[in-house]
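Q: A structural model of the following input is requested.
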Amino acid sequence: MQQNFEVVLKAFAADVTAKFKLNLSFGPEDQLKSPIKAVLEEAGRLLHLDVNAVTEVHVHELGGRPDIGVTAASLLAGYIELKAPGKGANPAKLKGADKAQWQKFQDLPNLLYTDGNEWALYRSGEQTGKMIRLAGDVTIDGAEAVSTENATALFELLRDFLHWQPIVPATPKALAKMLAPVCRLLRTGVLAALADPDSNLTMLAQDWRKYLFPDADDKQFADAYAQTLTYALLLARLSGTGDMMSLPSAAKSLRTGHRLLADTLKILGDDAALEHIDIPVTLLERMIAAVDVSALTNNAQDDPWLYFYEDFLAEYDPKMRKDRGVYYTPVPVVQTQVRLVAELLTTRFDAEFSFVDPHVVTLDPAAGTGTYILTAVQHGLAQIGAKKGTGMRRSAATTAANNVHAFEILVGPYAVAHLRLTQQILKEAGALPADGVHVYLTDTLESPHAIPPGHLPLMYKVLGDEHVRAQQVKSQTSVLVCIGNPPYSRQQITPDEHNSETRRGGWIRFGEDGKGGLLQDFIDPLISAGLSVHAKNLYNDYVYFWRWALWKVFEAESKPGIISFITASSYLRGPGFAGMRQVMRQTFDDLWIIDLEGDNLGARKTDNVFAIQTPVAIAIGVRYGQPQPETPAVVHYTKIEGTQEEKLHALAEVASFDSLPWRNCLSGWTEPFLPISDNDYWRWPLLTDIFPWQENGMQFKRSWPIGETVEVLERRWKALLNAPKAERGKLLRETDARKAHKTYAALDDSGESLAALTALAPGMPLVTPMRYAFRSFDRHWVFKDVRLCDRPRPTLLRSESMHQIYMTGLLTDILGNGPAAVVTAFIPDLHHFCNRGAKDVIPLWRDSAATEPNIKHHFLDILSNTYSRAVSAEDLFAYCYALLCTPRYVTRFWDELTIPGPRVPVTKDDQVFQQAAALGRTLIWLHTYGERCVPPREKPGRVPSGKVRCKVGTPTTQAEYPDAFSYDRANQELHVGKGVFEHVRQEIWEFSISGFEVLKSWLGYRMKTRSGKKSSPLDDIRPETWQFDEELLDLLWVLDHTIDLLPEVTAVFERILSSDLFSAAAFPQPTAAERQGPRPTVQTQPLPLFAQLDAEESEEELDENMT
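A: Model prediction:
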């Protein structure tokens, strides 16, 4: 057989040589098509396979398609992609359009790459077997290009290619992994087709928007198309469609029980629409037809579809998974929520069988794959079966089928939820509602009053009917229980809110008919309290769902009800959620909080029950009768600690509310949902009340305008202006707030505009660089140029002077070990304190002349009267800094500081106050590198020498620029490349601030390969030679002296705590004006309200995500 194939292959080589000698105008790939088609079909004949190879025509504007499609025995076998002879069959060596094409084709499960001389087989991007290289060149050597060994090897490769069969997955997770790449390929194909305004898919998308989803952009339509086809085919297979799977047969199969998907599949699967996407569709049909439904079900120990969509999305589009919050809830979490809600239903709502009781209507507004509704139904069925016998489960299942509702916006999980609930009811022999189970494909946050488009074409009628059904549930169905795990994704809003992605929050946020959204009820209390800047944190999906649930259960009808959500826990303590807490206290009678921690971004890292980094909490809120908005809810709190496994085990053990130790929380309307200890700490004034104006640090939103030296900035500026104007936007790293072609008002309040970056000629001088407090103890240089900085913080610039001192900390987040504050003489970065930050900068002075201290009125007068002497602003600032600088502050008040916002014990003992203030001044002098609070006879800007010495200077040649550093504990030496610094104590090496390691960070930013992410090609312009030994010595000396001082500072701190202290009540509350920053001397155009509230960056953003 191989001998016969050798003849075939030699004939192929001779044919190709002959074609290339003719020097035809056809492309090299086209001259290979017919010879390779002949090789494939002859190989099939030798293998006793009916092989048909169909050549394709490249359509570049549609993103291309493989050159040859191959069927064997009338079934799709795979595809062949041809390359011009000489390009080879190794995708890693491809460039330009060929490389981009491979990135699309690599999702194909059976793809042969060849340029005639090299042949390689790829399956889902991975090479299978060895690459085969012919002995000669088929374009010039004719039959001599083929050896016997070549023919033998290639025949085996083609045998493997032509005998391809879809791998029958043994588990749902394997199935998800198999389908995701082909679904992604389908999405890519749809997007490519939409680029052609005349394609059939473009016309279909226009109808889709006209009749159903007016806000869907091309990307959203392509995704909906790909996932709908994939999941409709899969659901049809799971529902009993035979081995010969096709879109028409699947649509027919789904008509019973899944009418919406059936009709949607019929619309999207129209023959004309499939013209340019037949490759992935045909693949899906064949692969899903191979699924062994019984094997998948039998091999699963539990519900086989519980985590299917999460696994699918993790493979299909990890970013979408993160953006949509598709992290399905661990079963113990769901079961805990269900058991506790069931207890309330049974004991307080006279619903003996909880979720299957006839008067209990349950809704999951973000159902995912339906785990909550299934668990609730199963719980109720178990209750009635235990009490009345298993024969009663049937009628209870029918009741549940009518009373359980679920909303889901993503078609994939919707299909799975629809399937699972249908199977659950039928398994109990219950009767399904006439219109099928009540799982709706809908946007929960769409207005309940939205009117579906009228006069829908017949083919869209079922989709329109589904919209009407969902709207009826939103506007008319009385819901007793709202339960689930809504998505949580904080949105960064810009003034440009023209599309659906930026308009997330829907009716809850934007309202309708000229009326504001219900979210305003969470914002108004913040405005009244002067905390409107924190409202940005409310623009989060989980907050929208909380507000929607409160409306649906308690406000659409004034009645009793229960809400139980697991969400991000930021609303428990964050200042931006004060209004949300007020509304919840007004609405509920009782509210239980189960804090599951899970913060992997903050200073106190704990395990999460999800595979996410955001801390979470379960909440169960209940109202027993009519509303009592004048009586705040009783808030009960408990915390479950430990590893993920330990937390889930603890939840599994929760049988009732009595299983957990509860503590009552603060009762003020806007106070945190956290308990407090009965100690003096809570009677002390807040640091943010003593210094009432706080500000966010500067935020460039790009790292390249921040440099280690002025020379680096100069070279980056020169490279920007020497670049073609069309490329400057990319080099800038444009954002919605900063565009290279726009002009912006100068930072000096003059009202003058700076020319656009694209208008600048090469050689234009850069704006004078400014010293910048990049991180704690780490000074950089920056461009003081509004065109390069998204958030320049004009209020900080107005108060900047040679006298200004800035204190940074975590004022709205939880502190970790180490100092609770750091000072700097220069304007700080947003993430200055510990690589995280928000409104955490406290300036000492409100004006550049240093005549107006940022201290609330009468505070200094009260201290002066108590001490019988004048107390200066610097004295108070230094006193507070001494207390906050000692790590003992955080360890002493570890539990109290879980409620953000440090409090200051202000002593009435003048002697102790002066001791602390003197130490604070010394610390300020050290920590500002000698720039502030300079002692007599000391020179400003000079750091006192410490014990550390430079033993070996770091080489200053380009070749020896350091790219690594290390610490030798035994010899107390710091090694920086070939440089050595001796007498470096371990305490210096390990000095940290809320998890931020000061020395390691400082060095990391100065290595040849800089730590952190890049924002632009300009980041690649780095210092060429090492010039930082002097600065490094200064840092080491500062830390050395600090460590020496801390015992004395701690001793004074303890003396303060044992002295007579002021209570917060002894001082007046700051005024609203005191909490505002200095106003401009020239009136500038204010930002729109939403830009003011929303434009800030997340408190949890790390430097790795962007400076």
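
Q: buried ones in the lengthiest helix in the chain?
A: Longest among the helix segments of the chain by residue count, using DSSP state H, is helix 1029-1057. Within helix 1029-1057, the residues that qualify as buried are 1029, 1031-1042, 1045-1046, 1049-1050, 1052-1053, 1056-1057, counting by 16 or more other CB atoms under 10 Å. (C-beta placed from N, C-alpha, C; glycine too.)

Q: ditto for stretch 358-365
A: For stretch 358-365, by 16+ other CB under 10 Å, it's 360-365.

Q: Same question for stretch 141-149.
A: 141-146.

Q: Kindly provide the whole-number mean pLDDT of the longest helix of the chain.
A: Averaging pLDDT along helix 1029-1057 gives 98.

Q: Show me what the helix or strand that comes right after it is in contact with.
A: The element immediately downstream of helix 1029-1057 (helix or strand, assigned by DSSP states H and E) is helix 1072-1075. Helix 1072-1075 is touched from outside by 530, 692-693, 856-857, with contacts defined as CB atoms under 8 Å, 6 or more residues apart in numbering.

Q: Next up, phi/psi of Arg393, please.
A: phi -70, psi -30 (degrees, to the nearest 10).

Q: Include distance to Pro1017 when you put the buried residues of stretch 141-149 into a markdown table, please.
A: Listed next are these as a markdown table, based on distance: CB to CB, whole Å:
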| residue | distance to Pro1017 |
| --- | --- |
| Asp141 | 44 |
| Gly142 | 48 |
| Ala143 | 50 |
| Glu144 | 49 |
| Ala145 | 44 |
| Val146 | 47 |
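
Q: Let me know the closest of those to Pro1078.
A: Nearest to Pro1078 among the buried residues of stretch 141-149, counting by CB to CB, is Ala145 at 80.2 Å.

Q: Is the closest residue in space to that closest one that isn't next to it in sequence in a helix, a strand, or coil?
A: Take Ala145 and drop its neighbours on the chain: the residue closest to it by CB to CB, 6 or more residues apart in numbering is Gly136, 3.3 Å away. Judged by DSSP: H, G, I helix; E, B strand; the rest coil, the three-state class of Gly136 is coil.

Q: Tell me which residues touch Gly136, please.
A: 13, 117, 144-146.

Q: Go ahead and measure how far the longest helix of the chain is from the middle of the chain.
A: Centroid displacement of helix 1029-1057 relative to its chain, using CA atoms, centre = their mean, to the nearest Å, is 38 Å.

Q: Packing partners of it?
A: Where contact means 3 or more CB pairs under 8 Å, 6 or more residues apart in numbering; DSSP states H and E, helix 1029-1057 is packed against helix 873-885, helix 887-892, helix 910-927, strand 979-982, helix 986-989, helix 998-1004.

Q: ok, 7 Å please
A: With contacts defined as 3 or more CB pairs under 7 Å, 6 or more residues apart in numbering; DSSP states H and E, helix 1029-1057 has these neighbours: helix 873-885, helix 887-892, helix 910-927, helix 986-989.

Q: just the angle between that helix and helix 910-927, please?
A: When axes from the mean of the first three to the mean of the last three CA atoms, to 10 degrees is applied, the directions of helix 1029-1057 and helix 910-927 differ by 160 degrees.

Q: tell me the angle helix 1029-1057 makes with helix 873-885.
A: 90 degrees.

Q: Okay, helices next: where are they in the stretch 351-500 of the chain?
A: 371-388, 393-403, 411-427, 461-476 (DSSP state H, counting those that start in this stretch).

Q: for those helices, which one ends up most surrounded?
A: helix 411-427 (a mean of 23; mean count of other CB atoms under 10 Å).

Q: and it, what other elements does it pack with?
A: Using 3+ CB pairs under 7 Å, 6+ apart: helix 411-427 touches helix 218-238, helix 308-316, helix 371-388, strand 404-408, strand 439-441.

Q: So what are the sheet partners of the last one and their directions?
A: Next to strand 439-441 in the sheet, as set by DSSP bridges, lie strand 404-408 (parallel).

Q: when you compare where the partner strand runs with where helix 308-316 runs, what's the angle?
A: Going by the same axes, to 10 degrees, strand 404-408 makes 10 degrees with helix 308-316.

Q: could I have strand 404-408 exported to PDB, CA atoms only?
A: Coordinates of each C-alpha in strand 404-408 appear next as PDB, following Å, rounded to 0.1, in the frame of the first residue of the first chain:
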ATOM      1  CA  VAL A 404     -40.000  28.900  40.900                       C
ATOM      2  CA  HIS A 405     -38.700  31.500  38.500                       C
ATOM      3  CA  ALA A 406     -35.200  32.300  37.200                       C
ATOM      4  CA  PHE A 407     -33.600  35.000  35.000                       C
ATOM      5  CA  GLU A 408     -30.400  34.600  33.100                       C
END
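
Q: list the buried ones in it?
A: Buried, per 16+ other CB under 10 Å, within strand 404-408: 404-408.

Q: mind putting these in TSV, distance to Arg65 and pLDDT included?
A: Below are the buried residues of strand 404-408 laid out as TSV (distance: CB to CB, whole Å; pLDDT from 0 to 100):
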residue	distance to Arg65	pLDDT
Val404	45	98
His405	43	98
Ala406	39	97
Phe407	38	96
Glu408	33	92
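
Q: any chance of those in CSV, with distance to Thr375 too?
A: CSV is the format used below for these (distance: CB to CB, whole Å):
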residue, distance to Thr375
Val404, 11
His405, 15
Ala406, 12
Phe407, 17
Glu408, 16
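
Q: quick one: which of those residues is nearest Ala53?
A: Glu408 (42.7 Å).

Q: Surely the closest one touches Asp443?
A: No: assessed by CB atoms under 7 Å, Glu408 is found out of contact with Asp443, at 9.7 Å.

Q: Could you give the number of residues near Val943?
A: 22 (other CB atoms under 10 Å).

Q: next one: Tyr460
A: When neighbours are counted by other CB under 10 Å, Tyr460 registers 18.

Q: Make 45 the starting number, not 1.
A: Right, with 45 as the first residue, what we last looked at is Tyr504.
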